[in-house]
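Give me a model of this one.
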Amino acid sequence: MEYLLHEYDDYKLVLVGHSLGGALTPLVGNEFANRNRQVTAVSFGSPKFGNEEELDPRGCCIRHNGSNTSEKLP
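A predicted model of the protein is given here:
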């Protein structure tokens, strides 16, 4: 992955995930942000991750729409 990011450094990085992949999307996006890489991460049907206070210093936008029945499961 590091090689690809270096090879295509002028490309925009967009991460998209659903369900379990959606739960991993913000984690991976946060890792790229820690490496000073601009990234857009979008997840669908995933458990909630983080909170506004934790992610706001990075300029993140958190938006929750609708409901996810799996959030009610342990």
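
Show me the strands in the chain, by range?
Along the chain, the segments classed as strands by DSSP state E run 13-18, 39-44.

Make TSV out of those strands and add mean pLDDT, mean neighbour count and distance to Leu24.
Any C-beta I mention is one placed from the backbone N, CA and C, and that applies to glycine too. Below are those laid out as TSV (pLDDT from 0 to 100; neighbours: other CB atoms under 10 Å; distance: least, CB to CB, whole Å):
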stretch	mean pLDDT	mean neighbour count	distance to Leu24
strand 13-18	92	15	6
strand 39-44	87	16	8
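
Any figure for the gap between Asp10 and Val39?
14 Å (CB to CB, to the nearest Å).

my bad, Val16
Per CB to CB, Val16 is found 11 Å from Val39.

those helices in this structure, which residues are they?
Secondary structure of the chain (DSSP state H): helices at 2-7, 20-34, 52-55.

Out of those, which is the most enclosed?
helix 20-34 (a mean of 16; mean count of other CB atoms under 10 Å).

mean confidence for that one?
Averaging pLDDT along helix 20-34 yields 85.

From the contact counts, what lies against that helix?
Contact here means 3 or more CB pairs under 8 Å, 6 or more residues apart in numbering; DSSP states H and E; on that basis helix 20-34 packs against strand 13-18, strand 39-44.

ok, back up a step: tabulate the helices of the chain in CSV, adding columns for distance to Ser43.
Output for the helices of the chain, formatted as CSV (distance: least, CB to CB, whole Å):
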stretch, distance to Ser43
helix 2-7, 20
helix 20-34, 3
helix 52-55, 13
